[in-house]
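Q: need a structure here:
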Amino acid sequence: MPCSKKIVQWMHDYLDGDIQKEEEQQLRSHIQQCEACREHFYALKKTVAFVENVSHFTPSDDFIKKVMYNLPREKRRVRWKRWLTHHPFLTAASLFLLLSTSSLWAVWQEDNEFSFSKQEHLIVQNHTVIVPEGKVVEGDIVVRNGDIKIEGEVHGNVTVINGHKYLASAGEVTGQIEEVNEVFDWIWYNVKRVGYNIAKTLTK
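A: The predicted structure is shown next:
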């Protein structure tokens with residue numbers, strides 16, 4: 001170990017080129033007499049020389065690529081966790097879409113009950129909703145697990161889920177007529193319906 005902090009400071013000043021002439025003489029004189037300080041001083045000089053030599057070293061162009069290639073491969077699970085952490089909105093949206101699709105699929109599989117929207121002038125015969133000739137039905141009509149026969153007028157949209165529509169020559173629909181007979185059509189129908197309700201709420 002060096003004798004004192006003052007001697008160590010002189011060593012640092014010498015290596016930095018900032019030592020005063022008088023201090024340098026005292027340092028040299030002390031190093032000749034003290035073996036511990038002499039060993040420490042020479043060790044510092046070797047370290048400085050090594051750093052100076054290394055500073056002139058220029059790595060090859062593909063050095064970084066080689067280092068990255070030899071690093072341990074990141075586990076797929078860790079990669080997914082990082083992606084989920086950095087994209088919270090997309091994660092939440094994807095999870096919502098997955099859960100919504102699953103629930104809609106379950107509803108499509110289980111809901112086989114015949115139902116229809118209750119409007120005036122509608123007649124029901126054997127799972128078939130009839131808009132009688134000469135009658136006008138106001139509003140949208142939704143028929144589930146059944147058919148609809150339009151002989152009169154409908155002032156609105158007509159949607160048939162898991163069924164068929166029959167439009168007579170005298171029948172008329174002012175809105176859109178849509179048949180939903182596939183599960184993907186059913187999911188898309190519900191997505192549009194939710195979007196329409198949200199837009200309607202926001203515009204109020």
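Q: which ones are touching the residue nearest to Asn162 when sequence neighbours are not counted?
A: Of all residues not flanking Asn162 in the chain, Asn145 sits nearest, at 5.0 Å (CB to CB, 6 or more residues apart in numbering). Where you see a C-beta, it was placed from the backbone N, CA and C, and this is true even at glycine. Applying CB atoms under 8 Å, 6 or more residues apart in numbering, one finds that Asn145 lies in contact with 111-115, 127, 161-163.
Q: quick one: which helix or strand includes Cys37?
A: Using DSSP states H and E, Cys37 falls within helix 35-55.
Q: assign Gly134 to helix, strand or coil.
A: Secondary structure, DSSP: H, G, I helix; E, B strand; the rest coil: Gly134 is coil.
Q: pull the number of nearby residues for it.
A: Neighbour count of Gly134, defined by other CB atoms under 10 Å: 10.
Q: hmm, it is touching Glu172, no?
A: No - look at Gly134 against Glu172 with CB atoms under 8 Å: they stay out of range, at 11.5 Å.
Q: okay, and the common contacts of those two?
A: Common contacts of Gly134 and Glu172 (CB under 8 Å, 6+ apart): Gly152.
Q: tell me how far the residue nearest to Asn162 lies from His164.
A: Using CB to CB, to the nearest Å, Asn145 is found at 11 Å from His164.
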